[in-house]
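> dropping a prediction and its sequence here:
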Amino acid sequence: MKCFVLAAGYATRLYPLTENFPKPLLPVAGRTILDRALDGLEMDVVVISNHRFLSHFEAWARGKNVTVLDDGSTDNAHRLGAVRDIEFALTKTGASDDVLVIAGDNLLTFPLSNFVSYAREKGTSCVMCHEEHDLKKLQKTAVITVREDGLITSYEEKPMAPRGHLAVPPFYYYRAEDVRRIPEALAEGCGYDAPGSFAAWLSGKTAMHAWTMPGPRYDIGDIASYTEARRLFGESI
């Protein structure tokens with residue numbers, strides 16, 4: 001099994017910190033955001049970078065069980081988009097088994113290995129979810145409804161009028177046979193920029209389950225959220 005790390009974005013809202021440096025490698029209390037996300041994962045890791053930040057990821061990956069891929073993009077206006085980056089990584093690596101896909105810019109307070117165990121137990125592609133009752137935040141993320149057993153019953157990407165209050169962060173477990181349907185999804189008009197677009201499309205084609213996160217996760221989106229995350233993780237600001 002492989003873990004694909006989506007790290008080809010340009011993080012323009014964090015300028016000037018990320019104008020010439022990738023957001024996933026920013027430090028938080030002495031460790032990078034990405035190192036914290038990968039804690040406890042025992043699998044091959046593939047980082048999808050843009051061309052501009054490739055050398056930074058290659059330097060970080062030295063001595064690690066990590067492959068770094070260059071998706072060729074050089075600026076925010078011409079990025080491939082998250083779904084196309086997953087497709088690119090599948091083609092470059094020839095991966096033939098299940099895939100864990102994660103965003104490289106989110107801080108977690110729990111191990112992803114528990115999510116992987118849940119997905120293997122269910123035997124379906126899975127997403128993570130957490131309760132969110134702020135309407136504005138729900139309108140900026142993917143929102144699902146589920147049965148008591150975790151089976152997803154509806155999946156909306158950035159809905160103006162959400163059906164539920166379970167938000168889906170960018171962490172996905174895809175069965176091998178499911179992730180290879182990306183070309184089919186794109187041909188049917190699936191969005192390619194937001195990572196959740198493919199999961200939303202897939203949920204309408206096959207059974208998927210959702211794992212409730214056991215602790216908070218912090219999305220590093222701008223200077224304020226980065227500063228707050230550093231403070232929460234015990235760093236003196």
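Looks like it came in fine. Fair warning: this is a prediction, and the values are worked out from it, not measured in the lab.
> what's near enough to touch Y172?
100-102, 125-128, 195, 199 (C-beta atoms under 8 Å, 6 or more residues apart in numbering). The C-beta positions use only the backbone N, C-alpha and C, and glycine is treated the same way.
> looking at the residues you listed, which are in helices?
For those, the ones inside helices are A199, with DSSP state H as the criterion.
> which of the contacts of Y172 fall in strands?
100-102, 125-128 (DSSP state E).
> point out the least confident member of the contacts of Y172, please.
Checking pLDDT across the contacts of Y172, the minimum falls on P195 at 90.
> from N20, how far off is that residue?
According to C-beta to C-beta, to the nearest Å, P195 and N20 sit 24 Å apart.
> again with T145
From T145 to N20 the distance is 42 Å (C-beta to C-beta).
> just to revisit the earlier point, neighbour count: P195 and N20, which is higher?
P195 (24 against 10; other C-beta atoms under 10 Å).
> what's the closest non-adjacent residue to that one?
The shortest distance from P195 to any non-neighbouring residue, by C-beta to C-beta, 6 or more residues apart in numbering, is to A82 (3.7 Å).
> just L108 next, same as before
Per C-beta to C-beta, 6+ apart, closest to L108 is R217, 5.1 Å.
> burial of the one you found, as a residue count?
R217 has 17 nearby residues by other C-beta under 10 Å.
> got it, and S225?
Number of residues near S225 (other C-beta under 10 Å) recorded here: 15.
> go on, A7?
Neighbours around A7, by other C-beta under 10 Å: 27.
> ok, it - contacts?
A7 touches 22-24, 34, 47-49, 53, 57, 104-105, counting by C-beta under 8 Å, 6+ apart.
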